[in-house]
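quick check, what structure comes out for this input:
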Amino acid sequence: MNQIEPNKLTETAQDLICIRSENPPGSYREIADYLSKKWTNIGLKTRLIEVSHNKLKEFKLETPRINLVGTIGTGKESALILDGHTDTVPVGEGWSVDPLKGILKDSRIYGRGASDMKGGLAVMTSVAEALIHSDVELKENLILTATVDDEIAGSLGMKYLLENHLVKGRCAVCCEGTSSSENEVDINSCFGGRLWLRVTTKGKSAHGAKPSEGINAIEKMFHLYQELQKIRLPHHKVYGPSTMNLGTISGGTRPNIVPDSCSATLDIRFGPSTSTQEVMTKLKETATSISQYDSEFTINDVEVIESREAFEIPADTKLVTSLAKAIRMVTGTPTKLTHAIGSGNAYHLWQTGIPAVFCGPGNPANFHTANEFVSLQSLLNCTKILSHLALQLCARTNET
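Sure thing, here's the model as predicted:
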């Protein structure tokens, strides 16, 4: 599309990086106002949707949560949603450039959120502007969403919009970075499931000088973890092997007291061939097996902190085939269907029956790192790709 303006694309990405939106705490007023004004000036019908104070209180949040929805078209149906989240992880340390200045150097823009995912927000904006300036008649609407709290797996962003019927579409692209190199753009069509669990083992206190008279709950926890690591979940051809991480552990009160309780959190990830229920069953079977030969082993509690099912968008769906066609048109390279580390807003969309994938500028290897960057070539490629996709799915004339 000749209407794409690379200089404006670069400026928008830099502007967004300069707006601080770290989460926590999740301060969205400035970035929501910036995007709302920009989208309105471009010609989108724009809605700022602020979450109610009561809802914030329910989730123990103090700063406003502001989502943004923009629409191009006047149809009754919406063919495509382009989504981006407005929050970033904290800036952190170790930067060689100012992380909040959007520094342009060697055809790259550096800064917190460059690849995760203010570059994606800039691409969405440029796609919308190019489509409007092309004067193409749409048969179905194109929707843009800029949502909150992705980095904390919150419920007041895309999930909130979907649950309150504030956005809908036939398919969606979350513009998370999938550009493994400057001239390659992957499609993340496979998303792992996850279980975050808090497990508590029970022991019996005794004097530290007489440990045999007690039951050490921390030792029981380590025994459980060792046995859980032996669980073999199915290997998925795209996602790969399952993983388990012992994230936190706490127990005991003093060195001279045998601990009578120990609590640990686990992060278990797995491919689409496995369900959260299967993982829970394996955990319970492991605990039962231990208790059969260790009468002192007792689990006091298993709390599910976070639970998401794994899913995969089939390669022959119209969204994936259309996106693959657009990638070939722009880059001349075959499309790779790959997996994402997390499912983000794609999960909420999929749960609502809207097929969603990740495809956007920036290398996932840069996410959450010092000296995070996005290349100008990646920004431009993804703008062209998603513009072609929008024409394929939304326009009255066939994109060629």
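
for the residue nearest to the spatial centre of the chain, what are its contacts?
Note on the chain: the residue nearest the mean C-alpha position is Gly344, at 2.7 Å, using C-alpha atoms, centre = their mean. The contact partners of Gly344, taken as C-beta atoms under 8 Å, 6 or more residues apart in numbering, are 85, 150, 174, 176, 358. The way it works is simple: take the backbone N, C-alpha and C, and place the C-beta from them, glycine included.

separation between the fourth one and Met329?
Going back to what we said before, that points to Glu176. With distances taken as C-beta to C-beta, to the nearest Å, Glu176 is found 21 Å from Met329.

also the first one?
If you measure His85 against Met329 using C-beta to C-beta, the figure is 27 Å.

if we can go back for a sec, compare Glu176 and Met329 (neighbour count), which wins?
Using other C-beta atoms under 10 Å as the criterion, Glu176 and Met329 rank with Glu176 on top: 30 against 15.

pretty sure the more buried one sits in a helix.
No - using DSSP: H, G, I helix; E, B strand; the rest coil, the assignment for Glu176 is coil, not a helix.

how about the helices of the stretch 201-350 of the chain, start to end?
Along the stretch 201-350 of the chain, the stretches classed as helices by DSSP state H, counting those that start in this stretch are 217-228, 276-293, 318-331, 344-351.

which of these sits most buried?
Among the helices of the stretch 201-350 of the chain, ranked by average contacts under mean count of other C-beta atoms under 10 Å, first place goes to helix 344-351 (a mean of 23).

only C-alpha atoms, please: export that one in CSV.
Presented in CSV, the C-alpha positions along helix 344-351 are these (Å, rounded to 0.1, in the frame of the first residue of the first chain):
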residue,chain,number,x,y,z
GLY,A,344,-1.8,-13.0,26.3
ASN,A,345,-5.0,-11.6,24.8
ALA,A,346,-5.1,-14.4,22.2
TYR,A,347,-6.3,-16.6,25.0
HIS,A,348,-9.3,-14.4,25.9
LEU,A,349,-10.2,-14.1,22.3
TRP,A,350,-10.0,-17.8,21.6
GLN,A,351,-12.0,-18.5,24.7
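
and the contacts of the helix or strand just after it?
Downstream of helix 344-351, the first helix or strand assigned by DSSP states H and E is strand 356-358. With C-beta under 8 Å, 6+ apart as the test, strand 356-358 has contacts from 81, 83, 171-176, 178, 187-189, 313, 319-320, 323, 340, 344-346, 349-350.

ok, 6 Å please
Residues from elsewhere that reach strand 356-358, judged by C-beta atoms under 6 Å, 6 or more residues apart in numbering: 172-174, 176, 178, 187-189, 313, 340, 346, 349-350.

per-residue pLDDT, the residue nearest to the centre of the chain?
Gly344 carries a pLDDT value of 94.

ok, Glu163 - how many residues close by?
Glu163 has 12 nearby residues by other C-beta under 10 Å.

any idea how far Asn67 is from it?
12 Å.

repeat for Leu389
Per C-beta to C-beta, Leu389 is found 23 Å from Asn67.

next one: Ser322
Ser322 is 26 Å from Asn67, by C-beta to C-beta.

before we move on, what about Ser273?
For Ser273, the distance to Asn67 - C-beta to C-beta - is 34 Å.

looking at those two now, which is surrounded by more residues?
Between Ser273 and Asn67, counting by other C-beta under 10 Å, Asn67 is the more crowded of the two (26 against 16).

what sits against that one?
49, 147-148, 161.

ok, back up a step: relative to Lys60, which of the contacts of Gly344 is nearest.
Using C-beta to C-beta, Asp150 comes nearest to Lys60 of the contacts of Gly344, at 18.1 Å.

buried ones only from the contacts of Asn67, please, as a PyMOL command.
The buried subset of those, as determined by 16 or more other C-beta atoms under 10 Å, is captured in PyMOL by this line:
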select buried, resi 49+147+148+161
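
just the contacts of Asn67: which are in helices?
Leu161 (DSSP state H).

export the contacts of Asn67 to JSON lines and tack on distance to Val136 and pLDDT?
Formatted as JSON lines, these follow (distance: C-beta to C-beta, whole Å; pLDDT from 0 to 100):
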{"residue": "Ile49", "distance to Val136": "27", "pLDDT": "98"}
{"residue": "Thr147", "distance to Val136": "26", "pLDDT": "98"}
{"residue": "Val148", "distance to Val136": "31", "pLDDT": "98"}
{"residue": "Leu161", "distance to Val136": "26", "pLDDT": "98"}
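
please flag which of the contacts of Asn67 sit within strands.
49, 147 (DSSP state E).

export the contacts of Asn67 to CSV and tack on distance to Arg20?
Below are the contacts of Asn67 laid out as CSV (distance: C-beta to C-beta, whole Å):
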residue, distance to Arg20
Ile49, 21
Thr147, 18
Val148, 14
Leu161, 24
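
and the contacts of Asn67, which is closest to Leu376?
When these are ranked by distance to Leu376 (C-beta to C-beta), Thr147 comes first, at 25.5 Å.

my read: Val238 touches His339, true?
Yes - counting by C-beta atoms under 6 Å, Val238 touches His339, with 5.2 Å between them.

between those two, what contacts are shared?
Residues touching both Val238 and His339 (C-beta under 6 Å, 6+ apart) are Cys190.

give me the more crowded residue out of those two.
The neighbour comparison of Val238 against His339 (other C-beta under 10 Å) goes to His339, with 21 against 17.

for the more buried one, what are its contacts?
Contact analysis of His339 by C-beta under 6 Å, 6+ apart lists 190, 238-239.

next one: Glu278
Neighbour list for Glu278: empty [criterion: C-beta under 6 Å, 6+ apart].

quick one: the residue nearest to the centre of the chain and Gly157, what's the gap?
Separation of Gly344 from Gly157 (C-beta to C-beta) stands at 9 Å.
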